[in-house]
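**Student:** Quick one: sequence plus predicted model below, questions after.
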Amino acid sequence: MTKTILVTGGAGFIGSNFVLRERMRDNRVVNLDLLTYAGNLLNLGELNDDAGHIFVQGDIRDRELVRKLLKGYQPDAVVNFAAESHVDRSIDSPESFVQTNIVGTYHLLDEAREYWQRLAAERRDRFRFLHVSTDEVYGSLGPLEPAFTEDTPYSPNSPYSASKASSDHLVRAYFHTYGVPALITNCSNNYGPRQFPEKLAPLMVLNAMQGKPLPIYGDGLNVRDWLFVDDHCDALNLALEKGKPGETYNIGGRCEKTNLEIVNTLCALLDEMAPDSAYVPHCSLITFVKDRPGHDRRYAIDCSKICGELGWSPKETFESGMRKTIRWYLDNPQWVDSIKTGAYRGWILKQYG
Ligand code: NAD
Ligand code: DAU
């Protein structure tokens with residue numbers, strides 16, 4: 001049976017990929033997004049004439065609007081992607097992270113509780129609130145420490161991860177206190193089409209395509225665990241369909257790599273996929289720059305729970321997913337141009353000089 005899902009932040013990177021996949025599954029999507037610098041309706045261009053996608057520009061902190069959408073569309077689930085998501089911006093200016101990630105999640109959650117409590121018994125049992133979170137809440141690992149499990153204590157180190165940890169705690173409390181059928185997923189670094197080029201992978205691809213320096217923080221040996229965005233979206237769908245309320249599921253690619261490895265691989269793929277570029281070999285553009293303050297050294301996710309209990313596993317290898325990603329940026333110059341607004345240029349200048 002198809003569902004109606006209230007998606008928040010569905011014009012951003014992961015949210016838009018999720019919305020596109022849910023429409024392929026014929027689930028109706030009501031998409032509430034504030035359209036901050038990170039939200040882009042071009043991400044959803046394929047759905048322009050699709051009556052099964054209802055886009056609403058608005059803020060998750062706007063309780064009246066959230067209430068109206070819940071009442072009007074009677075969703076079977078809420079999936080919360082809406083967030084400020086970039087660590088460097090949270091270091092530069094934490095306020096909006098507190099506002100959206102903590103206060104916004106609270107308002108959304110509390111409205112969802114009131115809506116859920118009024119549902120008829122059968123629909124109440126089926127309702128789900130899925131909160132999309134991050135592995136960064138667990139803090140930083142040493143080189144030999146085992147990967148984060150769902151039992152790893154929270155130890156966030158940046159204003160971004162602290163705000164996400166705080167929102168996770170609220171979601172957990174709403175399950176325990178009120179019984180709201182909520183689930184939390186904590187995922188590792190995503191890459192793929194439609195990612196805003198402030199994040200490592202798209203920043204490097206777009207800079208390399210334009211012959212600009214590829215700025216690597218510190219010694220480039222920080223480790224992240226990389227996952228192709230569609231694999232994340234499929235895990236979220238499974239968590240919605242089969243996950244147990246009150247549970248947390250870690251999602252990761254079992255793909256630990258240093259930043260230097262990532263950028264070298266991207267450059268080698270770009271050399272091959274854009275052989276006429278004036279900047280081959282693109283790795284000659286690599287530049288080491290000042291480190292991020294409080295830069296977490298290593299993240300790694302143990303995803304055995306979602307693999308074992310829900311039957312999920314990533315389909316893309318790092319190379320196959322990265323090829324798809326680079327192909328998408330090469331094939332979508334209109335999207336790339338749309339990103340380069342004054343606001344984006346301002347951020348790049350401020351961050352990289
Ligand atoms: P993104 O920055 O690309 O998109 C965020 C979206 O939220 C944007 O469309 C923005 O307009 C919207 N938004 C921001 N504030 C809002 C508000 N107050 N009300 C309504 N909409 C608002 O982020 P992303 O990378 O797609 O991440 C989505 C979610 O997944 C976030 O919660 C993030 O913490 C989590 N996550 C991201 C990654 C990753 O690697 N990108 C990994 C794990 C978890
Ligand atoms: O782990 C999941 C998290 O991954 C998500 O919760 C966040 O929303 C998402 O932004 C991402 O956080 P990171 O800080 O890991 O991602 P980012 O792309 O900003 O950086 C990845 C690594 O690359 C990190 O070690 C910092 C480094 N880096 C990043 C940028 C932007 C550079 O060396 N140079 C850069 O210019």
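**Tutor:** In hand now; what should we look at? Ligands and ions are numbered 1, 2, ... in the order given.

**Student:** quick one: Pro75 and ligand 1, what's the gap?
**Tutor:** 16 Å (Cβ to the nearest ligand atom, to the nearest Å). In short, each C-beta sits where N, CA and C put it, glycine included.

**Student:** swap that for Phe18, please
**Tutor:** Phe18 is 9 Å from ligand 1, by Cβ to the nearest ligand atom.

**Student:** Just to check, that residue is in contact with Asn80?
**Tutor:** No: counting by Cβ atoms under 8 Å, Asn80 is not a contact partner of Phe18; they are 11.2 Å apart.

**Student:** what comes up buried for stretch 107-127?
**Tutor:** For stretch 107-127, a neighbour-count test (16 or more other Cβ atoms under 10 Å) marks 107-113, 115-116, 127 as buried.

**Student:** got a list of contacts for it?
**Tutor:** Here stretch 107-127 makes contact (Cβ atoms under 8 Å, 6 or more residues apart in numbering) with 8, 60-63, 66-67, 70-71, 76-78, 80, 82, 129, 170-171, 174, 178, 180-182.

**Student:** Same check on stretch 137-147?
**Tutor:** 148, 152-157, 161, 164-165, 168, 186, 225, 252, 296-302.

**Student:** Write out the residues of this protein neighbouring ligand 2.
**Tutor:** Taking Cβ under 6 Å from any ligand atom as the contact definition, the chain meets ligand 2 at 85-87, 134-136, 188-189, 199-200, 203, 215-217, 222, 224, 259, 292, 299.

**Student:** on that earlier part again, put the buried members of the contacts of stretch 107-127 into a ChimeraX selection.
**Tutor:** This is the ChimeraX syntax for the buried subset of the contacts of stretch 107-127, where burial follows 16+ other Cβ under 10 Å:
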select :8,60,61,62,66,70,76,77,78,80,82,129,170,171,174,180,181,182
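
**Student:** circling back to that earlier point, kindly identify which of the residues of the chain next to ligand 2 also come near ligand 1.
**Tutor:** The residues of these that also fall near ligand 1, by Cβ under 6 Å from any ligand atom, are 85, 134, 189.

**Student:** The second one - how many residues pack around it?
**Tutor:** Neighbours of Thr134 under the rule other Cβ atoms under 10 Å: 23.

**Student:** ok, and the closest non-adjacent residue to it?
**Tutor:** Among residues not flanking Thr134 along the chain, Lys164 sits closest, at 5.2 Å (Cβ to Cβ, 6 or more residues apart in numbering).

**Student:** Helix or strand: which one has the closest residue to Gln99 other than its chain neighbours?
**Tutor:** Spatial nearest neighbour of Gln99, chain neighbours left out: Arg61 (6.8 Å); criterion: Cβ to Cβ, 6+ apart. Here Arg61, judged by DSSP states H and E, is contained in no helix and no strand.

**Student:** can you tell me which helix or strand Leu260 belongs to?
**Tutor:** Secondary structure (DSSP H and E) places Leu260 in helix 259-273.

**Student:** Could you check stretch 164-179 and say which residues are buried?
**Tutor:** 164-168, 170-171, 174-175.

**Student:** Oops, could you answer that again for stretch 36-54 instead?
**Tutor:** Per 16+ other Cβ under 10 Å, stretch 36-54 contains these buried residues: 36-41, 43-44, 47, 53-54.

**Student:** and Gly9, what does it touch?
**Tutor:** By Cβ under 8 Å, 6+ apart, the neighbours of Gly9 are 15, 32-33, 39, 60, 80-83.

**Student:** and the residues you listed, which two are the farthest apart?
**Tutor:** Gly39 and Asn80 (14.4 Å; Cβ to Cβ).

**Student:** Show me what from the stretch 1-150 of the chain comes close to ligand 1.
**Tutor:** Counting by Cβ under 6 Å from any ligand atom, the stretch 1-150 of the chain sits next to ligand 1 at 8-9, 11-15, 32-36, 38-39, 59-61, 81-83, 85, 100, 104, 132, 134.

**Student:** how about the residue in the stretch 201-350 of the chain that ligand 1 sits nearest to, secondary structure?
**Tutor:** Nearest residue of the stretch 201-350 of the chain to ligand 1 (Cβ to the nearest ligand atom) works out as His232 at 7.2 Å. Secondary structure, DSSP: H, G, I helix; E, B strand; the rest coil: His232 is helix.

**Student:** What of Ser313?
**Tutor:** Classification of Ser313 using three-state DSSP returns coil.

**Student:** Tally up the residues packed near it, please.
**Tutor:** The number of residues near Ser313, taken as other Cβ under 10 Å, comes to 12.

**Student:** Please apply the same query to Gln334.
**Tutor:** Per other Cβ under 10 Å, the neighbour tally for Gln334 reads 9.

**Student:** Now the closest residue to ligand 1 within the stretch 1-150 of the chain: phi and psi?
**Tutor:** In the stretch 1-150 of the chain, the residue that lies nearest ligand 1 is Gly12 (2.0 Å; Cβ to the nearest ligand atom). Reported as degrees, to the nearest 10, the phi and psi values for Gly12 are phi -90, psi -170.
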